[in-house]
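Asks: Predicted model follows, preceded by the sequence.
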Amino acid sequence: MIDNKDNKKVILSGIQPSGELCIGNYLGAIKNWVELQPYYDSIFVVVDMHAITVRQNPAELRKRCLSFAAQFIACGIDPKLSSIFIQSHVSAHAELAWVLNCYTYMGELNRMTQFKDKSKKHNANINAGLFTYPILMASDILLYQADLVPVGADQKQHLELARNIAERFNNEYSPTFKVPEPFIPKHGARIMSLQSPESKMSKSDVNVNNYIGLLDDEQTIIKKIKRSVTDSGSKVNYKNGGEGLKNLINIYSLLSGDEINAIELRYFNKGYKEFKEGLSEVIIESLKPIQEKYQSLMNEKGFLESILKEGSDSARYRARKTIQKVYRKIGFPQIR
């Protein structure tokens, strides 16, 4: 059990087990989590309850939950420093979500732009869970009294709703929830699609050529980078390059640690072919230790499951404190 005896601020984040974790997830989120975990009381969740707003193959969902948790650890999330668990293993998420449903207005949910976007993509299955999804997200955050939540542009509206619900509940009764703040990392990265660089790279993209998966093999990486969009020019120049070229240079810089001007110098008087070959090599070498650690964890599923059990036990203990406080405030009888 992670002991927050140093009274560190609580930071919480999660990823849905859908699609394939990609370098966009790694550079935009997980790499930052790894750097933050020594300084915060860190909670990282595989949010499988969120995933079922879209129909899932049950066997595949179970497999992805374990796979995503293993990839978190392989990327550097340390179970000795952070709590890692699967959302559905802590029933308090659903319990608190129901209570928060009763303190959220329909008008607030109607304004959620992500519901409108997802309804267009999944118009054959516009279910109530898709509509109330932001309330479950609020429950995830408020359940652990999170101080900080790393959010991208697409989740800012949901965090604002969580803050509004927390303040409304606190004003109705008495201080119960911490009001979470957005966490904007110093070195955040927004990695774009390889084929459509005007859009963010997505692990759930139907076109697999739009992203590099953390588990992609060498030949797949080389093929995807070869096909990636650059621009009509020929020089590796960040300032004058198109969005596609800038995206590839950003990936190279973030994975290698090289400054952008150093990359430009390295490929001065060389074309995109040489640059893409170099980028492929950087990606392959960066992902190799992650893939090796991942395979080791998946070969020792008993060990992986013990980590997740310890994480969920710790989370359950913390969540129960919040749930009991909430139930007492709203008038549910407590029997000892």
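Replies: Looks like it came in fine.
Asks: next structured bit after the least confident helix or strand in the chain by mean pLDDT?
Replies: In the chain, no helix or strand scores lower on mean pLDDT, DSSP states H and E than helix 113-121, which sits at a mean of 69. Heading C-terminal from helix 113-121, the first helix or strand you meet, by DSSP states H and E, is helix 128-143.
Asks: what's the offset of whatever helix or strand comes next after that following helix from the middle of its chain?
Replies: Per DSSP H and E, the first helix or strand lying C-terminal to helix 128-143 is strand 148-150. How far strand 148-150 lies from its chain's middle: 11 Å, per CA atoms, centre = their mean, to the nearest Å.
Asks: Residues touching strand 148-150, excluding its own?
Replies: 9-13, 29, 32-33, 40, 141, 159, 162, 180-185 (CB atoms under 8 Å, 6 or more residues apart in numbering). C-beta: built from backbone N, CA, C; applies to glycine.
Asks: Could I get the average pLDDT for it?
Replies: Averaged over strand 148-150, pLDDT sits at 94.
Asks: filter the contacts of strand 148-150 to the buried ones?
Replies: Neighbour counting with 16 or more other CB atoms under 10 Å marks 10-13, 29, 32-33, 40, 141, 159, 162, 180, 183 as buried within these.
Asks: what's the pLDDT at Phe131?
Replies: The model's pLDDT for Phe131 equals 88.
Asks: gap between it and Leu81?
Replies: Distance from Phe131 to Leu81, counting by CB to CB, to the nearest Å: 36 Å.
Asks: can you pull the buried residues of stretch 132-148?
Replies: So for stretch 132-148, counting by 16+ other CB under 10 Å, buried means 132-148.
Asks: Oh, that last question was meant for stretch 148-156, not what I typed.
Replies: In stretch 148-156, counting by 16+ other CB under 10 Å, buried: Leu148, Val149, Pro150, Val151, Gln155.
Asks: Would you convert those residues into JSON lines that also reports distance to Ser67?
Replies: Output for these, formatted as JSON lines (distance: CB to CB, whole Å):
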{"residue": "Leu148", "distance to Ser67": "27"}
{"residue": "Val149", "distance to Ser67": "24"}
{"residue": "Pro150", "distance to Ser67": "22"}
{"residue": "Val151", "distance to Ser67": "24"}
{"residue": "Gln155", "distance to Ser67": "23"}
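Asks: on that earlier part again, among the contacts of strand 148-150, which lie within helices?
Replies: Assigned to helices by DSSP state H, the following of these qualify: Asn32, Trp33, Ile141, Leu159, Ala162.
Asks: which regions of the stretch 1-150 of the chain sit below the pLDDT cut-off?
Replies: Counting by pLDDT under 70, the low-confidence segments of the stretch 1-150 of the chain come to 1-5, 115-123.
Asks: Correct me if wrong: Lys246 contacts Tyr238.
Replies: Yes: counting by CB atoms under 8 Å, Tyr238 is a contact partner of Lys246 at 5.9 Å.
Asks: More neighbours: the two, which one.
Replies: Between Lys246 and Tyr238, counted using other CB atoms under 10 Å, the more crowded position is Lys246 (19 against 15).
Asks: which residue ranges form the helices in the protein?
Replies: 23-25, 31-36, 48-51, 58-75, 92-101, 106-110, 113-121, 128-143, 156-172, 218-227, 243-256, 260-266, 272-299, 301-330.
Asks: picking that back up, between the ones in helices among the contacts of strand 148-150, which sits nearest Arg190?
Replies: Nearest to Arg190, judged by CB to CB, of those is Asn32 at 12.2 Å.
Asks: ok, so of the ones in helices among the contacts of strand 148-150, who is nearest Lys224?
Replies: Asn32 (23.8 Å).
Asks: Surely the closest one touches Ile184?
Replies: No: with contacts defined as CB under 8 Å, Asn32 does not count as touching Ile184, sitting 10.2 Å away.
Asks: got a list of what the closest residue to Val47 other than its chain neighbours touches?
Replies: Spatial nearest neighbour of Val47, chain neighbours left out: Gly14 (4.1 Å); criterion: CB to CB, 6 or more residues apart in numbering. Listed by CB under 8 Å, 6+ apart, the contact set of Gly14 reads Phe44, Val45, Val46, Val47, His50, Gln87, Asp140.
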